[in-house]
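Asks: Return atomic coordinates for the entry below.
(chains A, B, C, D, E and F)
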There are 4 protein chains.
Amino acid sequence: MTALPPVRLRADARRNRDKIVAAAVHAFTEDGPYLPMEEIARLAGVGVGTLYRHFPDRDALIMAVVQDSLGTMLARARAAAVDEPCAWDALIRSMSGSPEIRLALRLPNLFQPATTEVIRADPEIRRIRGELMAQIDTLVQAAQQEGTLRADVGTGDVVHLFSLLLQGMQKMPREVGEAVYERSCAIVLDGLRTRRGPLLPGGPLTLRDITE
Amino acid sequence: MTALPPVRLRADARRNRDKIVAAAVHAFTEDGPYLPMEEIARLAGVGVGTLYRHFPDRDALIMAVVQDSLGTMLARARAAAVDEPCAWDALIRSMSGSPEIRLALRLPNLFQPATTEVIRADPEIRRIRGELMAQIDTLVQAAQQEGTLRADVGTGDVVHLFSLLLQGMQKMPREVGEAVYERSCAIVLDGLRTRRGPLLPGGPLTLRDITE
Amino acid sequence: MTALPPVRLRADARRNRDKIVAAAVHAFTEDGPYLPMEEIARLAGVGVGTLYRHFPDRDALIMAVVQDSLGTMLARARAAAVDEPCAWDALIRSMSGSPEIRLALRLPNLFQPATTEVIRADPEIRRIRGELMAQIDTLVQAAQQEGTLRADVGTGDVVHLFSLLLQGMQKMPREVGEAVYERSCAIVLDGLRTRRGPLLPGGPLTLRDITE
Amino acid sequence: MTALPPVRLRADARRNRDKIVAAAVHAFTEDGPYLPMEEIARLAGVGVGTLYRHFPDRDALIMAVVQDSLGTMLARARAAAVDEPCAWDALIRSMSGSPEIRLALRLPNLFQPATTEVIRADPEIRRIRGELMAQIDTLVQAAQQEGTLRADVGTGDVVHLFSLLLQGMQKMPREVGEAVYERSCAIVLDGLRTRRGPLLPGGPLTLRDITE
DNA sequence: GATGAATGAGTGTTCATTCAT
DNA sequence: AATGAATGAACACTCATTCAT
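Replies: Presented below is the predicted three-dimensional model:
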């Protein structure tokens, strides 16, 4: 689910807007959010002029990407809460289940300090973020009730740890990133769980595994 | 311990060089490595020309900062290995003891892909990094021998997790960062330990705690 | 005739491109090819950005100027071959008839060695240059056939001498340059002709004539 | 013979001064007069500071090089006038006999307009130049008296033509430059002589001969 | 006097943003 | 509404010249 821009757009304009946001999500994920606007437009298959018609400056585009991403994440978290009988599983799925979620959790760390401030100040983002956080809060409490999540952690602890785990996947080839994530996640979950989990997946990582 | 530049410099030039690296370390930590060279020079209290005399381009400066950081971290890790009777404690101190270590562990994620390649290729950096990694490897194995560190993790797992924890301190005011780090670290250590540790420090974090 | 850039440009862009090349030809002739890019842009009446959109760096602009000049010279040489009944006259007109020709013949000596290499390597320039040389070669042989040009010179001799004569016009006020050129040219032509020509134009030059 | 700087220098300082001028002459000949001052100092085997102690700025160094060069040329012209029984031969030897002469004749064309003005204004250069020109003037008149040089040319014509011929040697490998010069010179001499000379040296030049 | 480090103005080039087509 | 050309401010880097050692 995506946050809608204030006004209705003609169908083709809407399509352009979506192409741009999609291209930006992809580009931000690969190269960070400060690649040339012209390049983003090229990747979206539109002219720069069109990009600027939809988003008056880079910050506006970034905002749209963040809104889009958080919106998607909220939808998934709600779905997980409904689908999964066990709160612990719903929580984990909410925080790591899909590429969109992974991007959303990494976003806050991609930007320069000034941009970060702007993002934090955006009311729409505050709204979505608030709903998302409430949703996760609910899951955290439920998991503590059911006795799977240790009682002395809060939602902030959980979110922070997952956001770090996902950031760790950057800068690595996809395959390696996945494997590294799986193991680190398992270790962290053992730290979060009431009782220690099963053996870690795969074998111990060497330093080579995480560097090249 | 700091990586020395290849040739002896006149005393004043040496002093300038050190001022520049120190300013760059500080600036990179705050604003990332792509702030204007002129700004770095200003922070170091020298002219741009001086900066460029010492480092022919931004990459050269970045390299010097990385060498410096890794060198410092290596020295600390060795000191920890000598001082601490218990390998577990030495390991933790090696990976989280000081701002320099924290910078060193965050460095790999600060740079653009092209710069990252250049850094990886530098022979001096490869050398220091190799020694550092060997040192940590030794501590990991010792900690597993003494039964404090779980047997199914490798040095790569440990280093990766600490590097993430330290990255998490960015973007937060120092106080908050410290507190968040302490708690996340305790949770991760519980995941890494053979047996569950004591209660986490402080109280559960809320979402407000990690966002503003 | 002017070498066309590979792709069609919007009318206004085409006009700007032409203004830039014209300004560059003029500026190179006056001040050599290494005046500030900003100055060239100013002379062309455009912003630096526009200059760089059309020519990604100074070398690209230089190349365009060289192509343009050689193209013009080729067109004139062909016209001269058609118009003039006598090959000797066609040859002289080809080599000295206009400012464009004069620039084209001086070009090889205006650039720094590195730039010169780049120019020589450009395929488009090689092509135009080849056609031009073939054309002049034809005229040289025709002039030798008709008995006006001495038989023991080659096209290289002729081109080299004219190129020197034209270089001699630099560094002098236009009036003086013209007069000096006319006389030197007449002397050289006497050296090239089968039979000695008429008296030289004007009176003997003193040293003052060529220095101030 | 070299124009002396106003004050006596200590022997070692004098030696440095000479090394610098010699290096500058060489460097100007190869790369033009606008290479970095630091590079000139390096070629001379001294520090920049030393260069600047002797010559307060680039123009001062250029001036010294021009003075040096003209002085040498004057000495050679005088020697030729004394040695050669025939004025025509003395004239030719004066204008093309040695590398120093060739440099001196090319110098005026190496500089940017502004520098050229400064050179022209220098009183010492005006003085040497005046003497040199008087000397050549004498030879020109003598050659016309003896009937070898055509009567309708002046010293200015002769000097201009030789200066062009020598400029033509730049930008070519030495071997090629020499051969091209010999032929062009012979053609020009045929234009200057009262009666046509013998066949040109070597064979006709093709275009390839003068371009690569 | 010699040296080479420090300075900062000058220039090439990029890129966010605006605007004519 | 879309396009891509034009603009100029911003930044990287160079080099003439000055000055501390």
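Asks: so where is chain A shaky, pLDDT-wise?
Replies: A:1-10, A:97, A:99, A:196-203, A:206-212 (pLDDT under 70).
Asks: Tell me which stretches of it form helices.
Replies: Using DSSP state H, the helices found in chain A span residues A:11-31, A:37-44, A:48-54, A:58-83, A:87-96, A:99-106, A:113-121, A:123-145, A:155-167, A:174-192, A:207-211.
Asks: Establish whether the fourth one and DNA strand E are in contact.
Replies: Going back to what we said before, that points to helix A:58-83. Yes. Shown here: helix A:58-83 in contact with DNA strand E (Cβ under 7 Å from any atom of the strand) through A:Arg58. The way it works is simple: take the backbone N, C-alpha and C, and place the C-beta from them, glycine included.
Asks: How far does that helix sit from its chain's centre?
Replies: Taking the mean of its C-alpha atoms, helix A:58-83 sits 8 Å from the chain's own mean (Cα atoms, centre = their mean, to the nearest Å).
Asks: before we move on, the earlier item: can you say which of the helices of chain A is nearest to DNA strand F?
Replies: Ranking the helices of chain A by proximity to DNA strand F (Cβ to the nearest atom of the strand) places helix A:48-54 first, at 2.0 Å.
Asks: before we move on, back to that, tell me which of the helices of chain A is the most buried.
Replies: Neighbour counts (mean count of other Cβ atoms under 10 Å in any protein chain shown) averaged over each of these peak at helix A:155-167, with a mean of 24.
Asks: Can you pull out the residues in contact with that helix?
Replies: Helix A:155-167 is contacted from outside by A:91, A:95-96, A:101-102, A:105-106, A:108-109, A:133, A:136-137, A:140, A:149, A:181, A:184-185, A:188, A:192, B:109, B:164-165, B:167-168, B:180, B:183-184, B:187-188, B:200, B:204-210, using Cβ atoms under 8 Å, 6 or more residues apart in numbering or on different chains.
Asks: angle of it against helix A:87-96?
Replies: If you take axes from the mean of the first three to the mean of the last three Cα atoms, to 10 degrees, helix A:155-167 sits at 50 degrees to helix A:87-96.
Asks: For chain A, list the residues in contact with DNA strand F, please.
Replies: Where chain A comes near DNA strand F, counting by Cβ under 7 Å from any atom of the strand, the residues are A:Arg10, A:Asp12, A:Ala13, A:Asn16, A:Val46, A:Gly47, A:Val48, A:Gly49, A:Thr50, A:Tyr52, A:Arg53, A:His54.
Asks: show me which of the residues you listed neighbour DNA strand E.
Replies: Of the residues in these, proximity to DNA strand E by Cβ under 7 Å from any atom of the strand holds for A:Val48, A:Gly49, A:Tyr52.
Asks: Serialize these to TSV and add fields for distance to B:Ala22.
Replies: Shown next, in TSV, are those (distance: Cβ to Cβ, whole Å):
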residue	distance to B:Ala22
A:Val48	41
A:Gly49	45
A:Tyr52	41
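Asks: Of those residues, which is the nearest to chain C?
Replies: Closest approach to chain C among these (Cβ to the nearest Cβ): A:Val48, at 12.5 Å.
Asks: doesn't A:Glu38 make contact with the closest one?
Replies: Yes. Using Cβ atoms under 8 Å, A:Val48 is in contact with A:Glu38, at 5.3 Å.
Asks: how close does the spatially closest residue to A:Ala90 that is not a sequence neighbour get to A:Gln135?
Replies: Nearest non-adjacent residue to A:Ala90, counting by Cβ to Cβ, 6 or more residues apart in numbering or on different chains: A:Glu84, 3.8 Å away. With distances taken as Cβ to Cβ, to the nearest Å, A:Glu84 is found 13 Å from A:Gln135.
Asks: The residue in chain A positioned nearest to chain D: neighbour count?
Replies: Among the residues of chain A, A:Pro36 lies closest to chain D, at 33.2 Å counting by Cβ to the nearest Cβ. Neighbour count for A:Pro36, taken as other Cβ atoms under 10 Å in any protein chain shown: 11.
Asks: Now do the contacts for it.
Replies: If a contact means Cβ under 8 Å, 6+ apart, then A:Pro36 has no contacts.
Asks: what's near enough to touch the residue most central in space within chain A?
Replies: Centroid-nearest residue in chain A, with Cα atoms, centre = their mean: A:Ala104, separated by 1.6 Å. Taking Cβ under 8 Å, 6+ apart, we find A:Ala104 in contact with A:Val66, A:Ser69, A:Leu70, A:Thr72, A:Met73.
Asks: so which of those residues comes closest to chain C?
Replies: Top of the list for closeness to chain C, among the contacts of A:Ala104 and by Cβ to the nearest Cβ, is A:Val66 at 30.8 Å.
Asks: about what we covered before: widest-spaced pair of the residues of chain A next to DNA strand F?
Replies: Maximum pairwise distance among the residues of chain A next to DNA strand F (Cβ to Cβ): 19.8 Å, between A:Arg10 and A:Val48.
Asks: Now the phi/psi pair for the residue of chain A closest to chain D, please.
Replies: Dihedral pair for A:Pro36: phi -60, psi 140, per degrees, to the nearest 10.
Asks: mind checking how far it is from chain C?
Replies: Distance of A:Pro36 to chain C, computed by Cβ to the nearest Cβ, to the nearest Å: 14 Å.
Asks: Next: A:Gly154.
Replies: 52 Å.
Asks: okay, now the residue lying closest to that residue once chain neighbours are set aside: neighbour count?
Replies: Using Cβ to Cβ, 6+ apart and skipping residues adjacent in sequence, the residue nearest A:Gly154 is B:Pro204, 2.9 Å away. Neighbour count for B:Pro204, taken as other Cβ under 10 Å: 18.
Asks: Now for B:Pro204: which residues touch it?
Replies: A:Asp152, A:Val153, A:Gly154, A:Thr155, A:Gly156, A:Asp157.
Asks: Go ahead and confirm A:Ser98 touches A:Ala79.
Replies: No. Under the contact definition of Cβ under 8 Å, A:Ser98 does not touch A:Ala79, with a separation of 10.4 Å.
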